[in-house]
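>>> How does the following fold in three dimensions:
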Amino acid sequence: MLEIIQHPSPNYGDRRDGKKISLLILHYTDMLSSQAALDRMCDPSSEVSAHYLIDEDGQIHQMVDEKKRAWHAGISFWHGETDVNSISIGIELANPGHSNGPLQSFPEKQIKSLIELTKDICIRHDIPIANVIGHSDIAPGRKVDPGPLFPWKALSKEKLAIWQNDDLSTFHMANDEKVIAGALAKLGYDVSDIKQAISAFQLRFRPNKYDGEFDQETGQILAALTNKKK
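The predicted model follows:
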């Protein structure tokens, strides 16, 4: 059974229009300490929150009841939905992020707790693995968390996130903006700015190079994930 510390935040509201939970969104705190992040997400003046925060040592804090709408997604988009807060649960991972020196990896204990919590949430709310996503996926060009060091492949091994595991040589996608935009939109991305959408996709699935430039490897991964073979 998960051990969860209750740390209530006043920063929440009701889910709008009776919308059901269908997304799980992962973030990093981008702050120097877990306590600083907790303090900020529980400060009414900050107007930000998440349902959960996981410390580096794996301790889980709950700030907002899952029935309520936490304020973690901001201006965002996924499969045409722009009120992402109303259909999602947000999990913050304590991590200094891009704002506080060199990027730091996520400790094993933290990821273990994340996997356990994610499994529990996805089972209870029947969230498909394609809808376990990062903040960068729903806000291309605006957000980069949980960042290039986040171990998406580890989550995919637990059947908690999608990943590309096929032989890429059997896949190809033409460097055609309409084709690329269609494939990215099929996955859920906002393609109003195609370069930002490509960069967000690369950050998630090819994090060693996420410059937004469409290249052969990006095309192969995108084709594999959308089941478009040669």
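>>> Which parts of this structure belong to which domain?
Domain assignment for the chain by automatic domain parsing gives 4-157, 168-225.
>>> ends of the first one, how far apart?
Start to finish, the residues bounding domain 4-157 are 24 Å apart (CA to CA, to the nearest Å).
>>> Average pLDDT for it, rounded please.
For domain 4-157, the mean pLDDT works out to 97.
>>> before we move on, what about the last one?
Mean per-residue pLDDT for domain 168-225: 96.
>>> Need the distance between the two termini of it.
Using CA to CA, the end-to-end distance of domain 168-225 comes to 10 Å.
>>> Could you number the chain from 4 rather than 1 from now on?
Sounds good: first residue 4 from here, last item domain 171-228.
>>> roughly how far is it from the heart of the chain?
With CA atoms, centre = their mean, to the nearest Å as the basis, domain 171-228 stands 17 Å off its chain's centre.
>>> again with stretch 126-133
14 Å.
>>> quick one, what contacts Glu69?
Glu69 makes contacts with 24, 54, 92, 124, 128, as judged by CB atoms under 8 Å, 6 or more residues apart in numbering. All C-beta atoms are positioned from the backbone trio N, CA, C, and that covers glycine.
>>> Can you verify my assumption that His54 contacts Lys70?
No - the criterion here is CB atoms under 8 Å, and His54 misses it with Lys70 at 9.9 Å.
>>> Neighbour count: those two, which is higher?
Shown here are His54 and Lys70; by other CB atoms under 10 Å, His54 has more neighbours (27 against 10).
>>> Spit out the contact partners of the more buried one.
Shown here is His54, whose contacts under the criterion CB under 8 Å, 6+ apart are 65-69, 73, 75, 92-94.
>>> could you redo the last one with a cut-off of 7 Å?
Listed by CB atoms under 7 Å, 6 or more residues apart in numbering, the contact set of His54 reads 65-67, 69, 73, 92-94.
>>> swap in Ile114?
With CB under 7 Å, 6+ apart, Ile114 has these contacts: 154, 157.
>>> at 10 Å what do you get?
57, 61, 96, 108, 121, 153-154, 157-158, 161 (CB atoms under 10 Å, 6 or more residues apart in numbering).
>>> which of the contacts of Glu69 has the most neighbours?
Neighbour tally across the contacts of Glu69 (other CB under 10 Å): the maximum, 27 neighbours, falls on His54.
>>> and the gap between that residue and Ile24?
To Ile24, His54 is 10 Å away according to CB to CB, to the nearest Å.
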